[in-house]
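Enquirer: Sequence plus predicted model, see below.
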Amino acid sequence: MIEVNGVSHQFRIGKRGSERIVPVLHQIDMRVGEGEIVTIVGRSGSGKSTLLNLISGYIRPTTGGIRIAGQEVTRLSEGQWADFRLAQFGFVFQSFQLIPSMTAYENVELPLILKGASEKDRRRKTRAMLERVGLESFGTHYPGELSGGQQQRVGIARALIANPPILLADEPTGSLDSDNERSLLELIRELNRDEGKTFLIITHDDQVASIGHRTLTIRDGRLERVPLQATGGGWL
Ligand SMILES: Nc1ncnc2c1ncn2[C@@H]1O[C@H](COP(=O)(O)OP(=O)(O)OP(=O)(O)O)[C@@H](O)[C@H]1O
């Protein structure tokens with residue numbers, strides 16, 4: 001589903017002429033199979049978010065290639081990336097990233113508008129999705145009128161509404177208390193088990209990391225090698 005092949009990335013910082021090169025990721029090779037939950041752990045600054053930004057096409061690798069659903073994405077133009085992202089990925093963020101001036105319903109509906117879905121289709125799917133995450137009676141609430149756990153459910157509903165096969169999450173429970181964290185993890189397991197969604201989740205939290213079928217560790221921009229037998233025969 002996701003193949004990262006020999007990817008290295010460096011940022012250039014500073015003004016032209018006195019630029020400094022900051023190498024962040026080194027020769028990353030990893031695979032995420034369809035229907036897998038893979039968690040990525042590593043210290044602050046080790047390169048986890050950079051790896052997720054490369055996989056989701058927000059930045060391009062300095063060297064190496066990335067294939068997603070059989071497509072070599074490093075060759076896509078910006079416009080092609082926008083369509084590809086909408087079709088393949090749902091995003092879940094620590095800070096929810098909901099639009100504060102839109103209701104829960106409108107936030108969830110947004111990807112369908114971007115996709116050009118009809119109003120009737122949008123209404124049916126948005127209602128069903130709010131129900132799926134247990135928020136059917138909160139559609140008219142604005143994000144500021146919802147608890148953190150409810151806001152994250154709106155975030156998940158928005159990530160799922162266009163039915164992408166892959167969910168990318170950066171510290172999805174980072175702003176949640178332990179009860180809400182538990183129920184979000186349960187929802188992730190359900191979506192994986194019942195709907196075959198593939199998850200790639202970055203986390204600092206051992207509890208969150210433990211829901212992965214496999215956990216990869218990044219240390220100083222390199223993936224730690226894991227013996228194949230420790231991955232149940234899967235890929236690193
Ligand atoms: N746009 C950028 N320009 C320059 N350096 C950057 C940029 N983005 C990230 N970095 C640097 O790359 C390194 C890795 O950052 P990254 O955000 O990927 O780490 P992380 O493992 O996700 O950290 P955290 O757990 O704190 O979110 C850091 O040293 C960071 O300062």
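Expert: Cool, got the structure.

Enquirer: if I look at the residue found closest to Leu135 once you drop the neighbours it is linked to in the chain, how far off is Gly144?
Expert: In this structure, Leu135 finds its nearest non-sequential neighbour in Arg153, 5.6 Å apart by CB to CB, 6 or more residues apart in numbering. C-beta here means a position set from N, CA and C on the backbone, and glycine is covered the same way. Arg153 sits 15 Å away from Gly144, going by CB to CB, to the nearest Å.

Enquirer: Check Asp179 too.
Expert: Relative to Gly144, Asp179 is positioned 21 Å away (CB to CB).

Enquirer: Please apply the same query to Asn5.
Expert: From Asn5 across to Gly144, the span is 43 Å (CB to CB).

Enquirer: These two - which one has more neighbours?
Expert: Of the pair Asn5 and Gly144, Asn5 is the one with more neighbours under other CB atoms under 10 Å, namely 16 against 9.

Enquirer: name the element the more buried one belongs to?
Expert: Element membership for Asn5, per DSSP states H and E: strand 2-13.

Enquirer: tell me what that strand is packed against?
Expert: strand 20-32, helix 48-55, strand 63-68 (3 or more CB pairs under 8 Å, 6 or more residues apart in numbering; DSSP states H and E).

Enquirer: will you turn those into CSV that also has mean pLDDT and mean neighbour count?
Expert: CSV is the format used below for those (pLDDT from 0 to 100; neighbours: other CB atoms under 10 Å):
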stretch, mean pLDDT, mean neighbour count
strand 20-32, 95, 17
helix 48-55, 95, 21
strand 63-68, 96, 17
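
Enquirer: quick one, which of these is nearest to the ligand?
Expert: Among the helices and strands packed on strand 2-13, the nearest to the ligand by CB to the nearest ligand atom is helix 48-55 (3.3 Å).

Enquirer: What residues does the chain have near the ligand?
Expert: Phe11, Ile13, Val22, Val24, Gly42, Ser44, Gly45, Ser46, Gly47, Lys48, Ser49, Thr50 (CB under 6 Å from any ligand atom).

Enquirer: Repeat the analysis, applying 5 Å as the threshold.
Expert: By the rule CB under 5 Å from any ligand atom, the part of the chain lying against the ligand is Phe11, Ile13, Val24, Ser44, Gly45, Ser46, Gly47, Lys48, Ser49, Thr50.

Enquirer: mind listing what the third one touches?
Expert: With contacts defined as CB atoms under 8 Å, 6 or more residues apart in numbering, Val24 is in contact with His9, Gln10, Phe11, Gly47, Thr50, Gly221.
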